[in-house]
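Trainee: Would you be able to build a 3D model of this:
(one chain, ligands or ions: 1)
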Amino acid sequence: MAEEPPPQPSSGPAAPPPHSNRKLKKKNKRNPDAASSSASGTMVDDPFLFLAGGKEGGFLELEEIDEADFGIIGGVVEDMGAGEENARNDRGKKKRKRKRKRGDEDQRPSDDGDGDFVVEDEQKGKKGKKTPKKKRKGSQKEKAKDEVKDEESNEDVADDNDGDTPDDDDNMDQDNNDDLILGEDEVYGWQELRLHPLLVKAIRRLGFREPTPIQKSCFPAAAHQGKDVIGAAETGSGKTLAFGLPILQRLLEEREKAVGLQQEDEETIKESSKESPLRALILTPTRELAKQVCDHLQEAAKFTGIQVVPIVGGLSVEKQERLLKKKPAIVVGTPGRLWELMSMNNQHLVELHSLSFFVLDEADRMIERGHFHELQSIIEMLPLTNGSDMHSVRTTANCETVPILQVKKRQVFVFSATLALSSNFRKKLKRGLSTSKQSLPDEVSSIEALSKQAGMKPNAEIVDLTNASILPEKLKESFIECSEDDKDAFLYYILSVHGQGCGSFRGSDNSILVATDGFARGMDFDDVRTVIHYQLPHSTDVYIHRSGRTARKSLAGCSIALISPADKAKFYSLCKSMSKENANKSWLQKNADAMGLLLEASDSEEERVKGHKQRKATSLLLQKLQQDLKDLLQRPLQPKTFSRRYLAGAGISPLLQKQLEELSKRNINNSSSKNKNNGSQFIVIGQDRVEPLQALQNSGQEVCVNMDKQREKRRVSENWKRKKHAEKKHFWF
Ligand SMILES: Nc1ncnc2c1ncn2[C@@H]1O[C@H](COP(=O)(O)OP(=O)(O)OP(=O)(O)O)[C@@H](O)[C@H]1O
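Mentor: From the prediction side, this is the model:
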């Protein structure tokens, strides 16, 4: 190990797996809360290549590593069939293809020096965008080369394109239908919402067959009833479009009214609507999230001509001022930079009389220290919406305004993955309305206070879909108990399972992202398979957000927490608070069920019968699950032939390495003769590149095979003992 090249610094994307435990420890000291999500780095000349799978297959068995205890603390073990795997791959491929077209694959995080990551290529360089399509159709290798070239050239021009909006040509003129992944009849779910045709078209292009539950629940209230919304749903459930689509819908409807009023053709209106007073201000806690939300909304607004721009720190103020001169209708930004520009009296940002939407995304993070000062200042800039500002719409001198008829009350949207509202929240909002802004508390200390201060109305729609589960349904949570020193070995081992080289994080199937907790919130990456909690976070929220980077969009994923003795207290309190939250949430439902009451008193007879049938089916299912659980609990968690060999500690000696290689060969031979074999089988992670998620999913079956065999053995040996005993008796008598 001494001759090994030093590992790459942890901040870069796709850092190769650590080659030395010592170095890895150093890295984690610098960044103690790092949450890593899966995949790999280059393994060339790595003496541990054999651990990484490859043709030979890895061999390490979890039980073989230092008295490991591996358990599942949540989630249902279910078989991720080939169907889902294929669907995941297909979806991933389609999306990547589309992203490549847009040049999005350049996007990747980089450390901006202050501990936070920024998306390095926040700018889509125009050079990259204008690469002829023909060139992009080359072989994978050529594509990869092109990407590298694009990245390089983007770096050259990045400075001129910071946070640029998509080209108007790009946005408007590519209205052809070739790009649409879904047919009209495949997006039926959206028609029910009465989504504007131009938005349906964008949705067809994105390939979203139906709205997610949070989108379905928020849209009617937000878009058709003009209500404020507090929305909470599990991570990765599509909250961005839950507030984004209602905003776009209303802007489009207003534009159509304007067409009616002004008797102009739609194209003219489309053109003129490129420049607009500020209609929607969306605040996010981090730069990366602002950029991501902006990208997502630009996709949704693709065919509308509505401009969406990001205003975030880390980019030059002058360039962002240039962006704002284009008068975008929607601005997505972080409080710090927005307030900086507002303080500089940026015209587009301070003329807020036409502002119809004020959105706080990831509101739970917004209220954490470090954000509220600017946030509060911005909120204080917002005009009151009690009707008095209607007059100023007409009279503001140097601000272009939308016609008075189009300006309804400003809507406030507050979204979060976690939500705890007091039972008298609406009353508080009512009281808030009669209170002047100055008399509100100095500090924004909770989502409630924040909503109140932002002017949320008492009839706000509260959509809390976190009831059933705070974490994604298909997330499998697991933990490994180990010593602090062995964490590195486990980390390396898990990463090595994914072991292949990579390009950028978004562009590769097998890359690794080492991230701060700031980054772990809200960032959306396709197909993240595994999240590793190298160190447990202090708060449940952070745990939820970290874990929520995987199992997004109803796909399967797993999170692995490495628990050292020092983490135990944190671990128990985390488990406690997670189960308490779940318990609290289902309290009403549980008690209602126990008393045989239906919560919805207004249900029709038909619905009641349906509900009764559903409950019956659920209770049968529960009984079956209980029986399954009972059966599972009767089986030992691990085979008795538990090996205590371990790979970890202060590096691996050449002798141990040799032994491991030999063991690897032996295991491969064992596995090839699996069907005939009569030796024991472990839950193998790393064998033939089996990832932790798959291993977790398969583990039940493997253990089951072992246990049957062991039971059979036990039965034979007991029979033998009985026979012997009988023979003995016979002998004495
Ligand atoms: N209706 C839909 N159908 C399928 N995919 C969707 C749909 N709506 C959004 N998505 C995709 O789901 C992913 C997650 O969406 P989004 O980032 O809005 O989730 P989120 O709830 O904000 O997550 P987080 O709380 O972690 O920020 C994105 O890749 C988005 O493109």
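
Trainee: Spell out which parts of the stretch 151-300 of the chain neighbour the ligand.
Mentor: Counting by Cβ under 6 Å from any ligand atom, the stretch 151-300 of the chain comes close to the ligand at 208, 211-212, 215, 233, 235-241. For every residue, glycine as well, the C-beta is placed using N, CA and C.

Trainee: Okay, and which of those residues map to helices?
Mentor: 215, 239-241 (DSSP state H).

Trainee: now the residues of the stretch 151-300 of the chain next to the ligand in CSV, with neighbour count and pLDDT?
Mentor: Listed next are those as CSV, based on neighbours: other Cβ atoms under 10 Å; pLDDT from 0 to 100:
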residue, neighbour count, pLDDT
Phe208, 21, 92
Pro211, 22, 94
Thr212, 21, 92
Gln215, 28, 95
Ala233, 27, 85
Thr235, 25, 78
Gly236, 24, 82
Ser237, 23, 86
Gly238, 21, 91
Lys239, 27, 92
Thr240, 26, 95
Leu241, 26, 96
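
Trainee: Could you identify the most distant pair in the ones in helices among the residues of the stretch 151-300 of the chain next to the ligand?
Mentor: Gln215 and Thr240 (9.4 Å; Cβ to Cβ).

Trainee: ok, the residue in the stretch 301-450 of the chain that the ligand sits nearest to - contacts?
Mentor: Here the residue of the stretch 301-450 of the chain nearest the ligand is Ala417; by Cβ to the nearest ligand atom that distance is 4.2 Å. Ala417 makes contacts with 232-235, 239, 362, 364, 466, 470, 541, 544-545, 548, as judged by Cβ atoms under 8 Å, 6 or more residues apart in numbering.

Trainee: now it: how far from Thr466?
Mentor: Separation of Ala417 from Thr466 (Cβ to Cβ, to the nearest Å): 8 Å.

Trainee: any common contacting residues for the two?
Mentor: With Cβ under 8 Å, 6+ apart as the test, Ala417 and Thr466 both reach 232-234.

Trainee: Can you give me the neighbour number for Ser276?
Mentor: Counted with other Cβ atoms under 10 Å, the neighbours of Ser276 add up to 23.

Trainee: Not counting residues beside it along the chain, what's closest to His348?
Mentor: Closest residue to His348 apart from its sequence neighbours, by Cβ to Cβ, 6 or more residues apart in numbering: Leu324 at 4.3 Å.

Trainee: Tell me the spacing between that neighbour and Val317.
Mentor: Counting by Cβ to Cβ, the gap from Leu324 to Val317 is 10 Å.

Trainee: between those two, which one's more packed in?
Mentor: Leu324 (18 against 14).

Trainee: And the pLDDT for that one?
Mentor: At Leu324, the pLDDT value in this model is 94.

Trainee: Show me what the helix or strand hosting it packs onto, helices and strands only.
Mentor: According to DSSP states H and E, Leu324 maps onto helix 317-325. Using 3 or more Cβ pairs under 8 Å, 6 or more residues apart in numbering; DSSP states H and E, the elements in contact with helix 317-325 are strand 308-311, helix 335-343, helix 347-350.

Trainee: Arg204: helix or strand, and which one exactly?
Mentor: helix 197-206.

Trainee: Identify the residues contacting that helix?
Mentor: So helix 197-206 is in contact with 179-184, 186-187, 190-191, 195, 245, 248-249, 252, 299-304, going by Cβ under 8 Å, 6+ apart.

Trainee: I'd like the average pLDDT over that helix.
Mentor: Throughout helix 197-206, pLDDT has a mean value of 93.

Trainee: which element follows the helix holding Leu324 toward the C-terminus?
Mentor: strand 330-333.

Trainee: can you give me the helices for the stretch 401-550 of the chain?
Mentor: 425-433, 447-453, 487-497, 540-547 (DSSP state H, counting those that start in this stretch).

Trainee: If you tally nearby residues, what's the number for Ala569?
Mentor: Counted with other Cβ under 10 Å, the neighbours of Ala569 add up to 10.

Trainee: likewise Lys713?
Mentor: A count of nearby residues for Lys713, using other Cβ under 10 Å, gives 11.

Trainee: which element is it on?
Mentor: helix 692-732.

Trainee: likewise Lys227?
Mentor: Here Lys227 is assigned to no helix or strand, by DSSP H and E.

Trainee: Any figure for the gap between it and Val514?
Mentor: To Val514, Lys227 is 41 Å away according to Cβ to Cβ.

Trainee: Arg322 too?
Mentor: 34 Å.

Trainee: out of the two, which sits in the busier spot?
Mentor: Neighbours per residue, other Cβ under 10 Å: of Arg322 and Val514, the larger number sits with Val514, 25 against 14.
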